[in-house]
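**Q** Need a 3D model of the following:
(2 chains, ligands or ions: 2)
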Amino acid sequence: MIEQPISGPTVGHPLVDNAKMSMRDVNVFYGDKQAIFGVDLDIAENQVIAMIGPSGCGKSTFLRSLNRMNDTIDICRVEGTLKLDGQDIYDPKLDVVPLRARVGMVFQKPNPFPKSIYDNVAYGARIHGLVSRRTELDEIVETSLQKAGLWNEVKDRLDEPGTGLSGGQQQRLCIARTIAVSPEVILMDEPCSALDPIATAKIEELIAELSENYTIAIVTHSMQQAARVSHRTAYFHLGKLVEVNETEKVFTNPDHELTEAYITGRFG
Amino acid sequence: MDKLHFNEHISKRFNEDLEDLKSQLLEMGGVVEQQTINAVKAIIGADSDLAEKVIAVEDDVDKREVNLDEQCTLVLARRQPAASDLRMVVSVIKITRDLERMGDEAQKIAKMAIQLTESGASPHGYVEIRHIAAIVQQMVNDTLDAFARYDVAMALKVAKQDKTVDQEYASAMREMATFMMEDPRSISRVMNVIWALRALERIGDHAMNIAEHVIYLVEGLDVRHNTASEIEEQLAKR
Ligand SMILES: Nc1ncnc2c1ncn2[C@@H]1O[C@H](COP(=O)(O)OP(=O)(O)O)[C@@H](O)[C@H]1O
Ligand SMILES: [Mg+2]
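**A** Numbers count the residues shown, from 1 in each chain, chains lettered A, B, ... in the order given. Ligands and ions are numbered 1, 2, ... in the order given. So this is what the prediction gives:
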């Protein structure tokens, strides 16, 4: 019943004029096994792009290639052109540490370090050598926690361990930690899957606020979340980028039958 | 591309929910269609019993509207439908509204039928009523068919007919004006006929609205406030 081909170009509008990141013909392999097939995609500046698709379709793999997180997996090989502000991020001369500051990542399970709330946020700023004095660091910690919407809840207990916070607070702490190094792009891989609906709503609210100043790519298995938080939505299927369109379009009238089948819960 | 497969959800109950919405809407459409036919029969045949029946059935139409709305609300709350499913639910809500209003117009015609029967006397303007009613009844029939079969071509046909109705209505109005000038004693009776014609014209408008909702349902294209030829152009571009 699905007659539209998966092979062939991505339907919709994968490319934009105001690209913060531009990916062309990206192929990703784990050893002999190919996980991503010829993806062309732009991520627009100060917008949220949601990546959706069935488990194992390659969302996390693709997301991790955007800040070379895949480098940490031995058997993983990324081919193609991936650019941040026009600069090739896989240029062998490029240092990945500053790259990962510019393109930060928030993971599925909140993963605070077994350290104080303060140190969790200060950590990145310290290792990236962004500050020299304690007062500057104090300021970064405070503004980052504020931007992450956590300041009021933790300002009186900055010395307590980050692991003592609730799940939702821990996730916002991780977002504060990511923001502390002044990233330009924030990658989020199912950031709410371990959270309850209220904590989820807070994170979604935060994503909306952050998107005014940051470019955000979020992988989510919740269609409603993608519909709520993103400007554009990319649908992946078996490692291929099937469709990219304005989120409103995807959720009211997608161009590809596979996208339709997935978001409406039909047999694909 | 035929995208409307409402029976292919992983959740069988979701299939049933949508199937229910569709069949109940079609049932309501059938009742309203019959209301229109009976109202016109009543006015032309000076049959006040039939007119009373139309007025009585109107309650049933109202109940159907409320029920369908409630079910749509439940589907929205339970399933958070997207894409064609979402368009289906939204279309059902809108079509229900138009059907209910068609029912109201049929009821108005029935009331005119009763007044005309009571006042007795010669049936000025019935030719016009019969004529416009034939076009409008075909539109109602076609627009429900278009919904049942997700048939955009049929919906477009209905949209085109709306202009014909408008023209017929304008020319009937001129006729009625002539009757009133020729015989001022007929004014109150002719006014009743005018109200009935007006109600028929409105039923045609609602049939056209439903046709537009069908186009939205199938194509995801909002064609309201466009002429039939503009709609045709937009569809051709796709
Ligand atoms: N570290 C890995 N080693 C080998 N294969 C992997 C690894 N990570 C993911 N894969 C494979 O790559 C494909 C895409 O996985 P992933 O990117 O995690 O999908 P998603 O995030 O969409 O669920 C899957 O077939 C998965 O088994
Ligand atoms: Mg994943």
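
**Q** roughly how far out does the host helix or strand of B:Ala207 sit from the chain middle?
**A** Under the criterion of DSSP states H and E, B:Ala207 resides in helix B:187-219. How far helix B:187-219 lies from its chain's middle: 6 Å, per Cα atoms, centre = their mean, to the nearest Å.

**Q** in it, what counts as buried?
**A** Buried residues in helix B:187-219, defined by neighbour count with 16 or more other Cβ atoms under 10 Å in any protein chain shown: B:189-190, B:192-194, B:196-219. In short, each C-beta sits where N, CA and C put it, glycine included.

**Q** Contacts for the helix or strand just after that helix, please.
**A** Using DSSP H and E, the helix or strand that follows helix B:187-219 in sequence is helix B:228-236. Helix B:228-236 is contacted from outside by B:152, B:156, B:159-160, B:162-163, B:212, B:215, B:219, B:221, B:223, B:226, using Cβ atoms under 8 Å, 6 or more residues apart in numbering or on different chains.

**Q** hmm, try it at 10 Å
**A** Outside helix B:228-236, the residues that touch it by Cβ atoms under 10 Å, 6 or more residues apart in numbering or on different chains are B:152-153, B:155-163, B:208, B:211-212, B:215, B:218-219, B:221-224, B:226-227.

**Q** Contact partners for the residue of the stretch 51-200 of chain A found nearest chain B?
**A** Nearest to chain B in the stretch 51-200 of chain A, going by Cβ to the nearest Cβ, is A:Ile52, at a distance of 11.0 Å. A:Ile52 is in contact with A:59, A:218-223, A:225-227, A:230, A:233-237, A:243, A:250, A:259, A:262-263, counting by Cβ under 10 Å, 6+ apart.

**Q** bridging residues for it?
**A** According to DSSP bridges, the residues that bridge with A:Ile52 are A:Tyr235.

**Q** Roughly how far does it sit from A:Leu241?
**A** Applying Cβ to Cβ, to the nearest Å, the value for A:Ile52 to A:Leu241 is 11 Å.

**Q** just A:Ser144 next, same as before
**A** Counting by Cβ to Cβ, the gap from A:Ser144 to A:Leu241 is 33 Å.

**Q** quick one, helices of the stretch 101-250 of chain A?
**A** Secondary structure of the stretch 101-250 of chain A, counting by DSSP state H, counting those that start in this stretch: helices at A:117-127, A:134-147, A:151-154, A:167-179, A:197-210, A:223-229, A:247-252.

**Q** May I see the ones you listed organised as TSV, with mean pLDDT added?
**A** Formatted as TSV, the helices of the stretch 101-250 of chain A follow (pLDDT from 0 to 100):
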stretch	mean pLDDT
helix A:117-127	91
helix A:134-147	93
helix A:151-154	96
helix A:167-179	94
helix A:197-210	92
helix A:223-229	95
helix A:247-252	96
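
**Q** So which of the ones you listed is the most surrounded?
**A** helix A:167-179 (a mean of 25; mean count of other Cβ atoms under 10 Å in any protein chain shown).

**Q** mind checking how far it is from the chain centre?
**A** 14 Å.

**Q** by contact count, what packs against that helix?
**A** strand A:103-106, helix A:117-127, helix A:134-147, helix A:151-154, strand A:185-189, helix A:197-210 (3 or more Cβ pairs under 10 Å, 6 or more residues apart in numbering or on different chains; DSSP states H and E).

**Q** what's in contact with the fourth one?
**A** Helix A:151-154 is contacted from outside by A:117-118, A:121, A:141-146, A:148, A:158, A:160, A:162, A:165-166, A:168-169, A:172-173, A:176, using Cβ under 10 Å, 6+ apart.

**Q** now the angle from the helix or strand hosting B:Gln107 to helix B:187-219?
**A** According to DSSP H and E, B:Gln107 maps onto helix B:83-119. Here the directions of helix B:83-119 and helix B:187-219 differ by 170 degrees (axes from the mean of the first three to the mean of the last three Cα atoms, to 10 degrees).

**Q** And helix B:83-119, what's buried?
**A** B:83-117.

**Q** buried stuff in the worst-scoring helix or strand of chain B on mean pLDDT?
**A** In chain B, no helix or strand scores lower on mean pLDDT, DSSP states H and E than helix B:228-236, which sits at a mean of 90. Under the neighbour-count criterion of 16+ other Cβ under 10 Å, helix B:228-236 has B:228, B:231, B:235 buried.

**Q** out of those residues, who's nearest B:Arg79?
**A** In terms of Cβ to Cβ, no member of these lies closer to B:Arg79 than B:Leu235, at 28.8 Å.

**Q** ok, the closest one to A:Asn253 distance?
**A** For B:Leu235 relative to A:Asn253 (Cβ to Cβ), the value is 14 Å.

**Q** Likewise for A:Ser116?
**A** 50 Å.

**Q** Same question for A:Pro183.
**A** 34 Å.

**Q** And A:Arg177, by the same measure?
**A** From A:Arg177 to A:Asn253 the distance is 39 Å (Cβ to Cβ).

**Q** before we move on, what about A:Leu130?
**A** 45 Å.

**Q** what do you get for B:Thr96?
**A** Taking Cβ to Cβ, one finds B:Thr96 at 21 Å from A:Asn253.

**Q** Without its sequence neighbours, what residue ends up closest to residue 67?
**A** All of this refers to chain A. A:Val103 (3.7 Å; Cβ to Cβ, 6 or more residues apart in numbering or on different chains).

**Q** Chain B was what I was after
**A** B:Gln24 (7.2 Å).

**Q** What are the phi and psi values at that neighbour?
**A** phi -70, psi -40 (degrees, to the nearest 10).

**Q** Report how many residues lie close to it.
**A** 16 (other Cβ atoms under 10 Å in any protein chain shown).

**Q** Confirm for me that it is in contact with B:Ile95.
**A** No. Using Cβ atoms under 10 Å, B:Gln24 is not in contact with B:Ile95; the gap is 11.1 Å.
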